[in-house]
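**Q** Fold the following for me, if possible:
(2 chains)
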Amino acid sequence: MTEGGDAVRPGPGPWRPATVREVWRATPSTVGLRLEVPGRVPHRPGQHYVVRLTAEDGYTASRSYSVASAPDDALLELLVERLPDGEVSSYLAEAVEVGDELEVRGPIGGWFVWDGPGRAVGIGGGTGVVPLVAMLRWARGHPELVPPGRLQLLAAARTAESLPYGAELAAYGARLVLSREASAAGRPAGRVQAEDLVRLVAPDTTYYVCGSAAFAERVSGLLVGLGVEASAVRVERFGPSG
Amino acid sequence: MAQRGFLGRRRPPRDDLPPGQYDTGEDFPVLTAEVTPVIDPERWSMSVDGLVANPTTWSWAELHALPESTYAGPIHCVTTWSKFGTTFAGVSLDLLLDAAGPLPSATHVLATSTTGYTTNLPLDHLRGGQAWVAWTYDGKPLPRDHGGPARLLVPHLYFWKSAKWVTRLTLLDHDQPGFWEVNGYLNLGDPWREQRYTGD
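**A** All right, here's what the predicted structure looks like:
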């Protein structure tokens, strides 16, 4: 990994009010939120936001969620996975309605970001596809900046139904890898293998791997096994984020 | 701004939980931003260099020959989880710094990992029983994904300062931002002052 030469980037600024404009169930275990956040700083694809909830007595809880929307989207789109006993996610998934106000802070993270110009491969597992969707939307919206093929994607999940943004990813040309069923494109059921990745490996490429710690460990290990330099792999591991 | 109907799932209040943090309980998340390296302890070493009188390198065996020291207490991640009741063992940085002999001009330290990860700390936050090179967690060898075979441990600061796979401390006469410090996090990272992101 290289670093040290970058100028320090501006911070995420203060907590800002966010009005919920759209809520939808993206998959059986996830909810999408589109938020209007006046005065927010434009994010870079791959960055995340923190959402904060406050109880009547002032108790607060906050968790981080990746942004799915492109930087030039008028609204900020987050995808929330509902975790068992999730303190924040269960409220966001079950109680939030259009018109509600939340508090958000962001964008955060200066490492797991891509907005061109280099060649990139994104590999996401489950809700780990969310930051890749922001990259995809940026690439799709700016063909003058991002030639076809510069961003290639692989999305993994147990089933097609459980993969957020599955249709959008497939339409973009992402390879879908489903562990419990064959994909529509005919890939047999099974976890990500080296042969899924080998076709994505190329010189001068940065690899963005996002998912659970176990998924990230497995995929990054496979990439290194295929000869990819560890320094070319950027990883975002999901911790418990209830 | 309160959210209608939000109660939270709070645990009993505790005065050792810094502001904005929650108790992660049994979980010990792994949030590293890079590929987990495979490191043979026999080929690993720990160096203290830069503004010191005696730049020194210890092998795995040499480090283990030093008196072992234990930390028992909480750790705090900038992503808002804290974990209580952790136990790490290794060697106190006081021993390594004393052996190397910081020059009077040394004020800061840049820690470097085998992966190239770096993080910066004020020297006075690494002395006086505040910091370790740790190689066991909960009585067992430190797992690779938590920084094994050895990591820096500076538990009074946010945990990104506790560089996994640490191999080198370089003493400097200035503060030199490391990996996360140029990617949006603050130079010190004191959980009790919520020094999380650039601008806090």
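**Q** from what I can see A:Asp196 touches A:Leu153, true?
**A** No. A:Asp196 lies out of contact with A:Leu153 (Cβ atoms under 8 Å); the separation is 11.7 Å. From N, CA and C alone the C-beta is placed, and that goes for glycine too.
**Q** The two: which is more packed in?
**A** Ranked by neighbour count (other Cβ atoms under 10 Å in any protein chain shown), A:Asp196 and A:Leu153 place A:Leu153 first, with 24 against 19.
**Q** who are the neighbours in contact with residue 101?
**A** All of this is about chain A. A:Pro17, A:Ala18, A:Thr19, A:Val20, B:Met1, B:Gln3 (Cβ atoms under 8 Å, 6 or more residues apart in numbering or on different chains).
**Q** look at chain B instead
**A** Contacts of B:Gly101 (Cβ under 8 Å, 6+ apart): B:Val52, B:Ala53, B:Asn54.
**Q** what's the distance between it and chain A?
**A** Separation of B:Gly101 from chain A (Cβ to the nearest Cβ, to the nearest Å) stands at 26 Å.
**Q** Which pLDDT does the model give that residue?
**A** What the model reports as pLDDT for B:Gly101 is 98.
**Q** Spatially nearest residue to it (excluding sequence neighbours)?
**A** B:Ala53 (3.5 Å; Cβ to Cβ, 6 or more residues apart in numbering or on different chains).
**Q** So the one you found sits against B:Ala106, correct?
**A** No. Between B:Ala53 and B:Ala106 there is no contact under Cβ under 8 Å: 10.1 Å.
**Q** Among those two, which residue is more densely surrounded?
**A** B:Ala106 (18 against 10).
**Q** pretty sure A:Ala184 is touching A:Leu176, no?
**A** Yes. Counting by Cβ under 8 Å, A:Ala184 does reach A:Leu176; the two are 7.2 Å apart.
**Q** Could you check which of the two has the larger neighbour count?
**A** Between A:Ala184 and A:Leu176, A:Leu176 has the larger neighbour count (other Cβ under 10 Å), namely 20 against 12.
**Q** For chain A, identify the residue most remote from the centre.
**A** When distances are taken from the C-alpha mean of chain A, A:Asp57 lies farthest, 32.9 Å away, according to Cα atoms, centre = their mean.
**Q** for the residue most central in space within chain B, phi and psi?
**A** Residue closest to the average C-alpha location in chain B (Cα atoms, centre = their mean): B:Ser162, at 1.4 Å. Reported as degrees, to the nearest 10, the phi and psi values for B:Ser162 are phi -90, psi 70.
**Q** In contact with the residue nearest to B:Gly101: list those residues for me.
**A** Neighbouring residues of B:Ala53 by Cβ under 8 Å, 6+ apart: B:Ala100, B:Gly101, B:Pro102, B:Leu103.
**Q** so where do the helices sit in the chain?
**A** Using chain A. Assigned by DSSP state H, chain A shows helices spanning A:89-94, A:130-141, A:166-172, A:194-198, A:213-225.
**Q** switch to chain B, that's the one I care about
**A** Going by DSSP H, chain B shows helices at B:60-64, B:93-100.
**Q** Sheet-wise, list the partners of the longest strand anywhere in chain A with their directions.
**A** Using DSSP state E to define each element, chain A has its longest strand at strand A:16-27. Its sheet considered, strand A:16-27 pairs with strand A:30-36 (antiparallel), strand A:101-108 (antiparallel) by DSSP bridges.
**Q** any chance of those strands in a markdown table, with mean pLDDT too?
**A** Compiled in a markdown table, those are given as follows (pLDDT from 0 to 100):
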| stretch | mean pLDDT |
| --- | --- |
| strand A:30-36 | 97 |
| strand A:101-108 | 95 |
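**Q** Can you add distance to A:Val228 and give these back as JSON lines?
**A** Formatted as JSON lines, the strands paired with strand A:16-27 follow (distance: least, Cβ to Cβ, whole Å):
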{"stretch": "strand A:30-36", "distance to A:Val228": "30"}
{"stretch": "strand A:101-108", "distance to A:Val228": "27"}
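**Q** Could you list the domains of chain A?
**A** Taking automatic domain parsing as the criterion, chain A consists of the domains A:16-108, A:119-238.
**Q** Now distance to B:Gly199 too, for these, in CSV please.
**A** Formatted as CSV, the domains of chain A follow (distance: least, Cβ to Cβ, whole Å):
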stretch, distance to B:Gly199
domain A:16-108, 10
domain A:119-238, 22
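**Q** and of those domains, who's closest to B:Pro191?
**A** domain A:16-108 (14.3 Å; Cβ to Cβ).
**Q** Give me the distance from that closest one to the chain's centre.
**A** Counting by Cα atoms, centre = their mean, to the nearest Å, domain A:16-108 is centred 13 Å from the centre of its parent chain.
**Q** and the end-to-end length of that domain?
**A** Separation of the first and last residues of domain A:16-108 by Cα to Cα, to the nearest Å is 14 Å.
**Q** Strands along chain A, start to end?
**A** A:16-27, A:30-36, A:48-54, A:60-66, A:76-81, A:101-108, A:119-125, A:151-157, A:175-178, A:205-212, A:233-238.
**Q** Can you say which of the ones you listed is packed in most?
**A** Neighbour counts (mean count of other Cβ atoms under 10 Å in any protein chain shown) averaged over each of the strands of chain A peak at strand A:119-125, with a mean of 26.
**Q** so who does residue 185 touch?
**A** You didn't say which chain, so I picked chain A. The contact partners of A:Ala185, by Cβ under 8 Å, 6+ apart, come to A:Ala170, A:Arg175, A:Leu176.
**Q** nope, chain B please
**A** Going by Cβ under 8 Å, 6+ apart, B:Tyr185 touches B:Val78, B:Tyr158, B:Trp160, B:Arg196, B:Tyr197, B:Thr198.
**Q** Compute the number of surrounding residues for the first one.
**A** Meaning B:Val78. Counted with other Cβ under 10 Å, B:Val78 comes out at 24.
**Q** now A:Arg34, nearest residue through space, not along the chain?
**A** In space, A:Arg34 is closest to A:Glu22, 3.9 Å off (Cβ to Cβ, 6+ apart).
**Q** For that neighbour, give its distance to chain B.
**A** A:Glu22 is 18 Å from chain B, by Cβ to the nearest Cβ.
**Q** returning to that earlier point: out of the strands paired with strand A:16-27, the one nearest A:Val80 is which?
**A** Among those, strand A:30-36 comes nearest to A:Val80, with 5.0 Å by Cβ to Cβ.
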